[in-house]
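[1] what follows is a protein structure lacking sequence information:
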């Protein structure tokens with residue numbers, strides 16, 4: 001994660017919680033759940049996928065999110081992963097809120113689009129990567 005922050009700049013740019021984000025976060029009880037949910041919400045937007053370990057982020061990110069949520073005791077965050085199902089339930093909620101779809105559910109449509117693009121362009125492989133659906 002550190003290399004991403006160095007590449008893309010300050011964590012404030014990518015980990016800012018707007019009012020809609022804070023409303024989602026506030027649905028959860030306990031500072032550790034609110035902070036863990038906020039971590040997953042912001043990292044999936046930043047990285048494009050959920051982290052295998054949702055707590056595997058730089059301290060800078062945790063502190064920045066905690067300040068936005070008025071959470072003083074960030075040490076409680078370690079409790080977020082005590083119950084294995086919590087992070088997966090939160091991921092489902094985040095997917096629904098952000099309109100995210102599992103790639104595996106879209107492979108067929110993506111493949112059809114890619115095949116069509118490859119067939120109709122004479123630009124070679126570069127066109128496949130430069131184009132967007």
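    Arrived safely. Small disclaimer: the values here were computed from a predicted structure and weren't measured.

[2] who touches the residue most central in space within the chain in this structure?
    Of all residues in the chain, the one closest to the mean position by CA atoms, centre = their mean is residue 44, 0.9 Å from it. Residue 44 makes contact with 50, 91, 94, 98, 100 under the criterion CB atoms under 8 Å, 6 or more residues apart in numbering. All C-beta atoms are positioned from the backbone trio N, CA, C, and that covers glycine.

[3] what about the fourth one, neighbour count?
    By that I understand residue 98. Residues contacting residue 98 under the criterion other CB atoms under 10 Å number 13.

[4] am I right that it is in contact with residue 45?
    Yes - assessed by CB atoms under 8 Å, residue 98 is found in contact with residue 45 at 7.3 Å.

[5] domain ranges for this protein?
    Per automatic domain parsing, the domain ranges recorded for the chain read 2-100, 101-133.

[6] between those domains, which has the poorest mean confidence score?
    Ranked by mean pLDDT, the domains of the chain end with domain 101-133 at the bottom, a mean of 69.

[7] follow-up on the earlier one: give me whichever of the domains of the chain is most buried.
    Of all those, domain 2-100 has the most neighbours on average by mean count of other CB atoms under 10 Å, namely a mean of 15.

[8] next one: that domain to chain centre, how far?
    Put simply, domain 2-100 sits 8 Å off its chain's centre (CA atoms, centre = their mean, to the nearest Å).
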